[in-house]
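>>> got a structure for you, letters missing:
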Ligand SMILES: Cc1ncc(COP(=O)(O)O)c(C=O)c1O
């Protein structure tokens, strides 16, 4: 990988700023889980430096010693303005938001508002593995509504799951992933309106995890769930965490539609105040001043997904890759390679490249891997070279 070490720096693309040696000095999960001979393209961290406006806000806060409990409404205000500029949505009302420590704790908080222990939570599998873990930990049951063959929401399967979830008249929730992790599918306004309609018909409350909303590539348009007709009693989780790589500076917002204002008002003060103040400062700066950086990132990701498609077509044509239009995650169907349920184990053992195993994403995940595209193009090339060697 000597070419990787010596590659020239690119002034604009955040994905081309760091060398492999610099990345290996990182102490976060992505770079520390595996030995040094493994190329890690798994967990959703990005190989980028911190966006300059975010770095400045954090550095200034540290210089002030501003590390106490968090306060104020700067975060929802910054997100409301971002939502207006990016998505043309002016329905994010600051008074219908609550700070939560991170997206998954916000999801649990929201599920706790609309269901009781033992109630069902519907998910579209294959889906982000912690959905299963957190729902179980919260004492709720998962009901799966598999995605269709086109990887989009299958309304028939969703209706069946809603019916099953509501059996006996129990409350139920639908944990929507929008955009969808791991497929990168961006749900359309029509699809989301149909979901809202179906949920209302079955009396199911929708909790939309919209953490990947800022990472929508050119040509596609993210539609906030709460902006569609019929979603008035919905709840949404948004965050700057994925768009600006801030998982180490935690924070998120729980946002209510107009008919769910009372739910959000029930978030305990102690929960909101448990949100990292430095996280809130970072996320606020990202939404307020990080648009230019985000655009450069999105352009780099767009290049990377094209690069991956071309490399797979050349070196591993048996892998099916249907590039989505959002997230920096590529969902690869490896079933035709004949590597069994867990091809990620083979790529790791024989190729020394770490990908997420599809088996953890619920029904429909077997035989798949998830590859993290948020890295330098050279590392994507190297990953595919290693994958091809693993099956040669
Ligand atoms: C769909 C989805 N939800 C939630 C999270 C995690 O968010 P947080 O770290 O804020 O809990 C991720 C992280 O990749 C994700 O992909």
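Cool, got the structure. Worth saying up front: this structure is predicted, and the values here are computed from it rather than measured. Residues are numbered from 1 along each chain as shown.
>>> any idea how far residue 113 lies from the ligand?
Distance, residue 113 to the ligand, using C-beta to the nearest ligand atom, to the nearest Å: 17 Å. Bear in mind the C-beta positions are built from the backbone N, C-alpha and C, glycine included.
>>> swap that for residue 128, please
4 Å.
>>> who in the protein is up against the ligand?
44, 102-104, 128, 177, 181, 209, 211, 239, 241, 247, 252 (C-beta under 6 Å from any ligand atom).
>>> Just give me the closest of those to residue 217.
Of all these, residue 217 sits closest to residue 181, with 14.6 Å by C-beta to C-beta.
>>> wait, that closest one sits on residue 324?
No: with contact defined as C-beta atoms under 8 Å, residue 181 does not reach residue 324; the gap is 9.5 Å.
>>> So which residues make contact with stretch 144-159?
With C-beta atoms under 8 Å, 6 or more residues apart in numbering as the test, stretch 144-159 has contacts from 122-126, 160-162, 174, 180, 183, 185, 187, 191, 194-195, 198, 202, 322, 324, 331, 362-364.
>>> Tally up the residues packed near residue 136, please.
12 (other C-beta atoms under 10 Å).
>>> typo on my end, residue 387
By other C-beta under 10 Å, 29 other residues sit near residue 387.
>>> Would you mind measuring from it to residue 346?
Counting by C-beta to C-beta, to the nearest Å, the separation of residue 387 from residue 346 is 9 Å.
>>> go on, residue 386?
Taking C-beta to C-beta, one finds residue 386 at 11 Å from residue 346.
>>> again, but for residue 42
Counting by C-beta to C-beta - residue 42 and residue 346 are separated by 15 Å.
>>> These two - which one has more neighbours?
residue 42 (23 against 17).
>>> Verify the stated contact: that one with residue 353.
No: the pair residue 42 and residue 353 fails to qualify as a contact (C-beta under 8 Å) at a distance of 9.1 Å.
>>> Can you flag which of the contacts of stretch 144-159 belong to strands?
Counting by DSSP state E, these place 122, 123, 174, 331 in strands.
>>> neighbour-wise, which of those leads?
Of all the ones in strands among the contacts of stretch 144-159, the highest neighbour tally under other C-beta under 10 Å goes to residue 122, namely 28 neighbours.
>>> and it, what is it in contact with?
Applying C-beta under 8 Å, 6+ apart, the residues contacting residue 122 are 142-145, 158, 161-162, 165, 172-175, 204.
>>> Would you mind naming the residues that bridge with it?
In this entry, residue 122 is beta-bridged to residue 143, residue 174, by DSSP bridges.
>>> For stretch 288-307, list every residue counted as buried.
288-291, 293-294, 296-305, 307 (16 or more other C-beta atoms under 10 Å).
>>> coming back round to it: which one of the residues of the chain next to the ligand sits closest to residue 282?
residue 241 (9.4 Å).
>>> hang on, the closest one packs against residue 275?
No: with contact defined as C-beta under 8 Å, residue 241 does not reach residue 275; the gap is 11.9 Å.
>>> anything in contact with each of the two?
Joint contacts of residue 241 and residue 275 (C-beta under 8 Å, 6+ apart) are 250, 251, 252.
>>> mind listing what the residue nearest to the last one when sequence neighbours are not counted touches?
Of all residues beyond its chain neighbours, the one nearest residue 252 is residue 239 (3.9 Å), with distances taken as C-beta to C-beta, 6 or more residues apart in numbering. Shown here is residue 239, whose contacts under the criterion C-beta under 8 Å, 6+ apart are 102, 103, 211, 246, 251, 252, 253, 283.
>>> Quick check: residue 239 vs residue 229, distance?
The value you get for residue 239 to residue 229, if C-beta to C-beta is used, is 25 Å.
>>> try residue 121
24 Å.
>>> cool, and residue 184?
When residue 184 is compared with residue 229 (using C-beta to C-beta), they lie 26 Å apart.
>>> So the two - more neighbours on which side?
Between residue 184 and residue 229, counting by other C-beta under 10 Å, residue 184 is the more crowded of the two (25 against 10).
>>> now for this structure, which residue lies nearest the mean position of the chain?
Centroid check for the chain by C-alpha atoms, centre = their mean gives residue 212 as the closest residue, at 4.2 Å.
>>> my guess is that residue contacts residue 325, does it?
No: with contact defined as C-beta under 8 Å, residue 212 does not count as touching residue 325 (10.8 Å).
>>> where along this protein do the strands fall?
With DSSP E as the criterion, the chain has strands spanning 39-40, 97-100, 120-123, 141-144, 172-177, 205-209, 235-238, 252-256, 320-321, 329-333, 353-354, 356-357, 368-372.
>>> Could you list the low-confidence segments of the stretch 51-200 of the chain?
Applying pLDDT under 70 to the stretch 51-200 of the chain picks out no residues at all.
>>> the helices in it, which residues?
Taking DSSP state H, counting those that start in this stretch as the test, the helices found in the stretch 51-200 of the chain are 52-64, 74-87, 103-114, 130-137, 155-165, 189-202.
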